[in-house]
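A.B. asks: take a look and give me a structure for this.
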Amino acid sequence: MLTVEHLKKSYRSAGGELEVLKDISFTVRAGEFLTIVGPSGAGKTTLLRCLSGLLPRSGGKVALTETGKVIESPPPEVACVFQDYSRSLMPWSKVSRNVAIPLKNKIRDRTARREVVRQALDEVGLGAFGDNYPWQLSGGMQQRVAIARAIAYRPQFLIMDEPFASVDAQTRADLEDLVLRVRHDAGLTIVLVTHDIDEAVYLGDRVIVMSSRPTTVLRTLDVDLPRPRSQVTTKALPRFTELRTEVLTLISGANAGAAR
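C.D. replies: Below you'll find the predicted structure:
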């Protein structure tokens, strides 16, 4: 689905050039759930913005594998869900209108557009809240609205930047399972960045572990846990513990190396 080759990103600053992404290469397979985890400040959000075309690269290439199209700006095949739902939703617009925002030019017929919005809200369990405003909903419900807007667009590829970081632990678990169900039902390819190691292992088919800055890929781990996944059963498996320990060891080593 996506090919990343020798991706580099640096920023100019008063003190000179700040190298964030040094040399990042990986592929994303069609239908895969790929999670990315790494030390704080490793440039995970910068990486996702480069993948989605929201941020220009300093070097290397990001391309859609099937067509070979190089991503220079946000492509129509991709939708994004961000961490801060309060900034990604329009508080003056009702939930249904927020979900419909990316559909205005894609689905001209209003009746058809309303039906797509209704289906997306039903998919995330918010079918009864289309006439509410975002500020009338809990944080977890607002993030469901953001997810509904992304899936209503019917992308081939969904990019998620720490989408559950701003909610409580129970809501986070519920949203993780929601995304797994939506991914299965819609056949989406998903790349998700998180700082939560358990989340990375629980959700992913593969986990990419990033180094400290300037960032490279330390290792890519295959997550050989059975599906469907369960917050109780999956996380109680010895293999889950082995994988999370391996990821934690890699990140701890990266943090120790950065401190020296």
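A.B. asks: lowest-pLDDT helix or strand in the protein?
C.D. replies: Ranked by mean pLDDT, DSSP states H and E, the helix or strand of the chain with the weakest confidence is helix 85-88, at a mean of 81.
A.B. asks: C-terminal to it, what's the next element?
C.D. replies: helix 95-100 (DSSP states H and E).
A.B. asks: helices and strands around that following helix, which ones?
C.D. replies: helix 110-123, helix 139-152 (3 or more CB pairs under 8 Å, 6 or more residues apart in numbering; DSSP states H and E). Placement of C-beta: from N, CA and C, glycine included.
A.B. asks: now those helices as JSON lines including mean pLDDT and mean neighbour count?
C.D. replies: Compiled in JSON lines, the helices and strands packed on helix 95-100 are given as follows (pLDDT from 0 to 100; neighbours: other CB atoms under 10 Å):
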{"stretch": "helix 110-123", "mean pLDDT": "93", "mean neighbour count": "16"}
{"stretch": "helix 139-152", "mean pLDDT": "91", "mean neighbour count": "24"}
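A.B. asks: count of residues packed around residue 68?
C.D. replies: 8 (other CB atoms under 10 Å).
A.B. asks: likewise the one 10 residues further on?
C.D. replies: Here the neighbour count serves as a burial measure; for residue 78 (other CB under 10 Å) it reads 23.
A.B. asks: kindly report the same for the one 3 residues further on.
C.D. replies: Per other CB under 10 Å, the neighbour tally for residue 81 reads 23.
A.B. asks: and it, what are its phi and psi?
C.D. replies: phi -120, psi 120 (degrees, to the nearest 10).
A.B. asks: same question, residue 12
C.D. replies: phi -90, psi 140.
A.B. asks: enumerate every residue touching it.
C.D. replies: residue 18 (CB atoms under 8 Å, 6 or more residues apart in numbering).
A.B. asks: same check on residue 168?
C.D. replies: 139, 140.
A.B. asks: wait, doesn't residue 165 sit right on residue 195?
C.D. replies: Yes - between residue 165 and residue 195 a contact is recorded at 7.1 Å, counting by CB atoms under 8 Å.
A.B. asks: poorly predicted segments of this structure, please.
C.D. replies: 256-260 (pLDDT under 70).
A.B. asks: and if we set it to 80?
C.D. replies: The chain contains residues with pLDDT under 80 at 13-16, 85-86, 254-260.
A.B. asks: tell me where it has helices.
C.D. replies: Taking DSSP state H as the criterion, the chain contains helices spanning 44-51, 85-88, 95-100, 110-123, 139-152, 169-186, 197-203, 238-259.
A.B. asks: could you dump these to CSV with distance to residue 24?
C.D. replies: Output for those, formatted as CSV (distance: least, CB to CB, whole Å):
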stretch, distance to residue 24
helix 44-51, 7
helix 85-88, 25
helix 95-100, 33
helix 110-123, 32
helix 139-152, 24
helix 169-186, 24
helix 197-203, 17
helix 238-259, 14
